[in-house]
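**Q** Take a look and give me a structure for this.
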Amino acid sequence: MKKLSIILVAVLGIFAFSSCEDFLDMKPTNQLESSEAIKTAADAEVFMAGVMTRLSSSNLYGVNLFLYGDTKGGDLTIFSQGRGSDALYSFNHQPSSGSYSGFWTTSYNLLLQVNNLIANIEAIEADPNNSEDFGNMKGQAYTIRALVYFNLVRIYGLPYTQYNPSSDYGVPNVLEVLDASAQPGRATVAENYAQILSDLEEGAKSITKTVSTSTNGYPTYWANRAIAARVYQTMGNHSKALEMAEEVINSGKYSLYSNDEWVDSWSKQFGDESIFELYMLVNENALTTGSIGAYYSRIHHYSSKVGGYFAASDYWLERMNEDPDDVRWGVMAYDENSESYDDEEFAGKGDRLGCSYKYFGGVDMPGDGKDDCAACNVKVIRLSEMYLIAAESALATGNASKAAEYLNAIRKRSPNLEPATAETVTVEMILNEKSKEFFQEGLRYFDRLRHGEKIEFNDEIMGIDCPHRDKVIDTKSYHKIVLPISTDELNSNPTLRTQQNPGYPAYVG
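**A** Below you'll find the predicted structure:
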């Protein structure tokens with residue numbers, strides 16, 4: 001019998017990071033008293049390790065969150081349909097098929113774990129005899145809950161700045177462990193964002209500001225502030241976005257790579273720019289031929305099972321071709337549409353550098369120090385994003401000089417381009433720079449949504465037929481800019497049946 005994904009039972013034994021052998025024999029946490037489920041800070045650490053593993057699964061940061069943000073933004077194209085996940089590119093989504101419901105189910109399973117952790121910690125903290133320090137884990141839990149809801153509301157809720165957040169449906173705000181009979185309905189987009197900001201502020205109170213090997217793979221205070229910068233920018237609150245971004249920039253905890261360092265940074269773990277990075281471990285959450293690196297590599301490269309899923313669009317390449325010495329060419333390799341492409345031998349370099357190898361560690365696929373190059377860690381937030389958020393926010397709040405300064409810190413990666421000035425800097429320049437810097441990192445589509453842009457797709461490169469969307473979509477009116485609630489969820493939860501996203505078929509039982 002199908003169950004509502006929000007209320008699935010979380011079992012501590014699924015946590016692969018657990019060092020305690022008897023954890024695998026424990027009962028589900030929603031059948032335990034708080035004192036049994038988590039007794040010590042060490043127990044909470046084990047619990048949090050499982051949360052982080054789930055966050056890096058293929059339905060979330062392991063693959064699909066990046067694909068969602070990249071394939072729909074106009075910077076990618078496909079050479080053939082049917083190779084895998086091209087429904088994201090073609091917007092072939094319906095409640096009964098192509099709904100990518102894994103975003104919803106995996107996120108709510110993860111949220112159940114996080115809510116369980118928060119409830120247990122706060123129950124123990126309320127005990128006057130408690131001597132355990134749960135502060136950092138509690139801060140991490142609130143930060144992760146905010147991040148998960150932020151991703152959910154951007155996928156299922158209409159853009160905050162372009163529609164009506166006070167009335168548009170977002171996603172259910174589930175903040176506690178639910179009874180098995182619960183059937184929560186959707187909150188509004190505004191309510192989701194209010195909760196996200198509340199969680200971030202609550203998390204910031206106790207999460208560590210330490211940046212060291214002990215915090216690698218987990219959110220810190222600075223990751224919390226960086227997420228807040230993203231959230232405020234998405235809401236169009238430029239003054240707060242600038243404040244959050246500058247707090248991270250001015251902290252001195254991170255530093256931008258030089259041009260000579262940038263390419264090699266992808267073959268290293270937890271580098272100087274990495275604010276929040278997730279472990280991808282061989283034989284655990286590394287996905288080999290289904291990894292994010294494989295989705296952006298050339299067909300049959302790395303493995304004969306790699307399908308050549310996505311490559312750069314002509315539009316992105318034109319942007320990059322403004323400077324042939326741009327250091328970011330260093331992670332790009334030729335694709336199957338190159339004139340000199342050889343399907344058998346892969347001999348020589350082609351003329352169309354459309355394949356990105358960031359998540360193989362570089363074009364020679366060195367990885368980042370593990371046995372399998374496909375197991376490169378996932379860089380969720382990098383310092384360069386804070387500079388570009390600061391640039392756009394400064395410009396929006398009337399400080400063009402500061403905007404140019406922040407933009408130029410990243411624009412110098414194209415050494416032949418003229419630096420921006422207070423007189424020449426524009427939003428388009430900043431967004432174009434962000435497109436180049438974060439290719440393959442899942443940001444482009446969301447930037448275009450919040451600006452209400454029309455998005456053109458490079459279907460003609462191989463004559464791709466996309467009957468489910470036009471070549472150009474208007475993000476201010478096209479209903480498929482958000483995913484539908486899947487039929488499985490509607491079957492499981494009657495409350496959702498009248499809350500389907502506009503434009504998709506109404507529920508039929």
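**Q** hey, let's count contacts and neighbours off CA atoms from now on
**A** Noted.
**Q** Which residue ranges of the chain form strands?
**A** 76-77, 274-278, 311-312, 332-333, 355-356, 378-382, 454-456, 472-474 (DSSP state E).
**Q** could you dump the ones you listed to TSV with mean neighbour count and mean pLDDT?
**A** TSV is the format used below for the strands of the chain (neighbours: other C-alpha atoms under 10 Å; pLDDT from 0 to 100):
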stretch	mean neighbour count	mean pLDDT
strand 76-77	28	96
strand 274-278	24	98
strand 311-312	26	96
strand 332-333	20	94
strand 355-356	28	96
strand 378-382	20	98
strand 454-456	17	98
strand 472-474	15	98
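**Q** Number of residues surrounding residue 102?
**A** A count of nearby residues for residue 102, using other C-alpha atoms under 10 Å, gives 15.
**Q** what's the spacing between it and residue 372?
**A** In this view, residue 102 and residue 372 are 26 Å apart by C-alpha to C-alpha, to the nearest Å.
**Q** now swap in residue 131 and tell me
**A** Applying C-alpha to C-alpha to residue 131 and residue 372 gives a distance of 42 Å.
**Q** The two - which one has more neighbours?
**A** Legend: neighbour count by other C-alpha under 10 Å for residue 131 and residue 372, higher for residue 372 (18 against 11).
**Q** Hmm, residue 283 and the more buried one touching each other?
**A** No: between residue 372 and residue 283 there is no contact under C-alpha atoms under 8 Å: 9.4 Å.
**Q** which helix is the longest one in the protein?
**A** Scanning the chain for the helix with the most residues, using DSSP state H, yields helix 102-125.
**Q** From the contact counts, what lies against it?
**A** Here helix 102-125 touches helix 34-37, helix 41-55, helix 135-156, going by 3 or more C-alpha pairs under 8 Å, 6 or more residues apart in numbering; DSSP states H and E.
**Q** relative to helix 135-156, how tilted is that helix?
**A** Between helix 102-125 and helix 135-156, the angle comes out at 150 degrees (axes from the mean of the first three to the mean of the last three C-alpha atoms, to 10 degrees).
**Q** Phi first, then psi, for residue 158.
**A** Dihedral pair for residue 158: phi -60, psi 150, per degrees, to the nearest 10.
**Q** shouldn't residue 147 be in contact with residue 227?
**A** Yes: if you go by C-alpha under 8 Å, residue 147 and residue 227 touch, sitting 7.1 Å apart.
**Q** More neighbours: those two, which one.
**A** Each of residue 147 and residue 227 has its neighbours counted (other C-alpha under 10 Å); residue 227 has more, 29 against 20.
**Q** Now do the more buried one against residue 382, distance only.
**A** 11 Å.
**Q** hmm, back to that, tabulate the strands of the chain (TSV), appending distance to residue 95.
**A** Listed next are these as TSV, based on distance: least, C-alpha to C-alpha, whole Å:
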stretch	distance to residue 95
strand 76-77	24
strand 274-278	31
strand 311-312	28
strand 332-333	36
strand 355-356	32
strand 378-382	29
strand 454-456	23
strand 472-474	20
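**Q** Now for the closest residue to residue 507 other than its chain neighbours, how many residues are close by?
**A** Closest residue to residue 507 apart from its sequence neighbours, by C-alpha to C-alpha, 6 or more residues apart in numbering: residue 497 at 5.7 Å. Residues near residue 497, counting by other C-alpha under 10 Å, number 18.
**Q** Could you do residue 387 as well?
**A** With other C-alpha under 10 Å as criterion, residue 387 counts 25.
**Q** Now do the same for the spatially closest residue to it that is not a sequence neighbour: its pLDDT.
**A** Leaving aside its chain neighbours, residue 387 sits nearest to residue 406 (5.4 Å; criterion: C-alpha to C-alpha, 6+ apart). What the model reports as pLDDT for residue 406 is 98.
**Q** How about residue 180?
**A** At residue 180, pLDDT is 76.
**Q** Distance-wise, check it relative to residue 110.
**A** 16 Å.
**Q** Could you check which of those two is surrounded by more residues?
**A** Per other C-alpha under 10 Å, whichever of residue 180 and residue 110 has more neighbours is residue 110, with 24 against 12.
**Q** who's in contact with residue 96?
**A** If you count contacts by C-alpha atoms under 8 Å, 6 or more residues apart in numbering, residue 96 has them with 486-488.
**Q** what do you get if the cut-off is 6 Å, keeping everything else the same?
**A** When the contact criterion is C-alpha atoms under 6 Å, 6 or more residues apart in numbering, the partners of residue 96 are residue 487.
**Q** Equivalent analysis for residue 153, please.
**A** Neighbours of residue 153 in contact, by C-alpha under 6 Å, 6+ apart: residue 170.
**Q** what's the nearest residue to residue 79 if we skip its chain neighbours?
**A** Nearest non-adjacent residue to residue 79, counting by C-alpha to C-alpha, 6+ apart: residue 462, 5.6 Å away.
**Q** picking up where we left off before, for the record, mean pLDDT for the longest helix of the chain?
**A** 95.
**Q** same deal with stretch 43-62?
**A** 95.
**Q** Show me which residues of that stretch are buried.
**A** Buried residues in stretch 43-62, counted by 16 or more other C-alpha atoms under 10 Å: 43-62.
**Q** Report the distance from stretch 83-100 to the chain centre.
**A** Between the centre of stretch 83-100 and the centre of its chain there are 18 Å (C-alpha atoms, centre = their mean, to the nearest Å).
**Q** returning to that earlier point: tally of neighbours for the residue nearest to residue 387?
**A** Look at residue 406: counted by other C-alpha under 10 Å, it has 22 neighbours.
**Q** The one 3 residues further on too?
**A** In terms of burial, residue 409 registers 16 neighbours under the definition other C-alpha under 10 Å.
**Q** so what's residue 155 up against?
**A** residue 482.
**Q** circling back to that earlier point, per-residue confidence at the residue nearest to residue 507?
**A** 97.
**Q** My guess is it contacts residue 488. True?
**A** No: using C-alpha atoms under 6 Å, residue 497 makes no contact with residue 488, being 10.7 Å away.
**Q** May I have stretch 465-480 exported as CSV, CA atoms only?
**A** Output in CSV follows, covering the C-alpha atoms of stretch 465-480 (Å, rounded to 0.1, in the frame of the first residue of the first chain):
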residue,chain,number,x,y,z
ASP,A,465,11.9,17.7,-31.7
CYS,A,466,10.4,18.9,-28.4
PRO,A,467,6.6,18.8,-28.7
HIS,A,468,6.2,19.4,-25.0
ARG,A,469,7.5,23.0,-25.1
ASP,A,470,8.3,25.7,-27.6
LYS,A,471,11.8,26.6,-28.6
VAL,A,472,11.4,29.8,-26.5
ILE,A,473,9.5,29.7,-23.3
ASP,A,474,8.2,32.7,-21.4
THR,A,475,8.8,32.1,-17.7
LYS,A,476,6.2,34.6,-16.8
SER,A,477,3.4,32.5,-18.3
TYR,A,478,4.5,28.9,-19.1
HIS,A,479,3.0,26.6,-16.5
LYS,A,480,5.7,23.9,-16.7
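**Q** buried set for stretch 273-293?
**A** Buried residues in stretch 273-293 (16+ other C-alpha under 10 Å): 273-282, 285-293.
**Q** scratch that, stretch 314-328 is what I was asking about
**A** Going by 16+ other C-alpha under 10 Å, stretch 314-328 has these buried residues: 314-317, 320, 326-328.
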